[in-house]
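K.L.:
what shape does this take:
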Amino acid sequence: MAGRKVLSKLRNLTRAWPLDTSRAKRDLGEHLQTVYTPKVFHYSDRALAPSSVPIIEAEVAALSDLSHNKFKRMFERKADTTFTGSVGSSWGFSQLSSEQQQKFGKGSFFERMAKNANSKQNSSQKKESV
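P.N.:
Here you go, the predicted model:
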């Protein structure tokens with residue numbers, strides 16, 4: 001009986017998880033509903049082993065904590081510097097992508113890193129030849 005109850009909680013939690021359509025194939029809600037849930041509920045028709053109930057209860061608790069931003073509230077920061085926080089809202093998500101940075105003439109992170117490494121290598125070679 002406890003197995004059915006915990007599976008019901010898990011099903012309700014994954015169904016209520018918000019979907020972000022702008023993050024196709026990278027969204028946790030999409031993954032929960034298309035990959036995770038079918039795998040778990042494929043076996044729900046059969047009786048759950050009593051040893052698997054605490055594992056699923058722990059997953060329900062973890063997903064519930066994530067959905068309620070438990071850790072964000074528990075470990076507050078002076079400024080939210082994540083891309084979904086203050087940095088994302090001030091810069092705009094579109095400007096943070098590599099494609100947008102190339103439009104601004106900045107290049108992607110790895111392009112800038114390679115350019116910087118090449119310039120350092122060239123300057124060290126000039127010093128050796130002098």
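
K.L.:
would you mind giving the secondary structure of Asn118?
P.N.:
Each residue gets one of three states, and Asn118 gets helix by DSSP: H, G, I helix; E, B strand; the rest coil.

K.L.:
what ranges does the chain have for its strands?
P.N.:
For the chain, none of the segments meets the definition of strands by DSSP state E.

K.L.:
where in it is the helix or strand with the lowest mean pLDDT?
P.N.:
Across the helices and strands of the chain, mean confidence by mean pLDDT, DSSP states H and E is lowest for helix 86-91: a mean of 62.

K.L.:
identify the residue spatially nearest to Ser64, adjacent ones excluded.
P.N.:
Leu13 (6.3 Å; Cβ to Cβ, 6 or more residues apart in numbering). For the C-beta atoms, the positions are set from N, CA and C on the backbone; glycine is no exception.

K.L.:
list the residues that contact that neighbour.
P.N.:
60, 63-64, 67 (Cβ atoms under 8 Å, 6 or more residues apart in numbering).

K.L.:
any of those residues buried? List them.
P.N.:
With neighbours counted by 16 or more other Cβ atoms under 10 Å, the contacts of Leu13 contain buried members at 60, 63.

K.L.:
out of the contacts of Leu13, which sit inside helices?
P.N.:
Helix and strand membership here follows DSSP state H; of these, those in helices are 60, 63-64, 67.

K.L.:
could you dump these to a markdown table with distance to Asp27?
P.N.:
Conversion of these to a markdown table gives the following (distance: Cβ to Cβ, whole Å):
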| residue | distance to Asp27 |
| --- | --- |
| Val60 | 20 |
| Leu63 | 14 |
| Ser64 | 18 |
| Ser67 | 14 |
